[in-house]
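J.: with the sequence up front, the predicted model follows.
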Amino acid sequence: MTIIHKQVALEEAEAGMVLSDNVLDAQGQVLLSKGVALTEHTIAALARHDIAWLRIEMGEMTAEEEAVQRAYYSERIERLFRNQDDSPATATLHRYIRKYRLGEEAP
């Protein structure tokens, strides 16, 4: 299953929310790890480090939602490449985008 994420302003963060990404300071040091549940204390500490935004887990997609998203990305990719030439560079870019968005292995 795919996790649904939401970007939340620190002022809107609440205790109990779970981080979907590591939180880094300005020097790139990890302040909080992915998967940590926020507390009032951690929210206050993030404010002291000038963290403005957090990526929060919002739940999991259902199989149906995943299928709809996958179909949307597939259709969008094909539309973007509909009038492209058959050059090796274009073919490589197409494969990499499909791999990134759809998880398909590049042949």
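T.: In hand now; what should we look at?
J.: which ones are touching Ile3?
T.: Contact analysis of Ile3 by C-beta atoms under 8 Å, 6 or more residues apart in numbering lists Ser20, Glu57, Met58, Gly59, Glu60, Met61. (Each C-beta comes from the backbone N, C-alpha and C, glycine too.)
J.: hmm, try it at 10 Å
T.: By C-beta atoms under 10 Å, 6 or more residues apart in numbering, Ile3 lies in contact with Val18, Ser20, Glu57, Met58, Gly59, Glu60, Met61.
J.: buried set for the lengthiest helix in the chain?
T.: In the chain, taking DSSP state H as the definition, the longest helix is helix 63-80. Neighbour counts over helix 63-80 (16 or more other C-beta atoms under 10 Å) mark Tyr73, Ile77 as buried.
J.: so what's the residue count around Leu54?
T.: Number of residues near Leu54 (other C-beta atoms under 10 Å) recorded here: 21.
J.: would you map the helices across the protein?
T.: 40-48, 63-80, 88-102.
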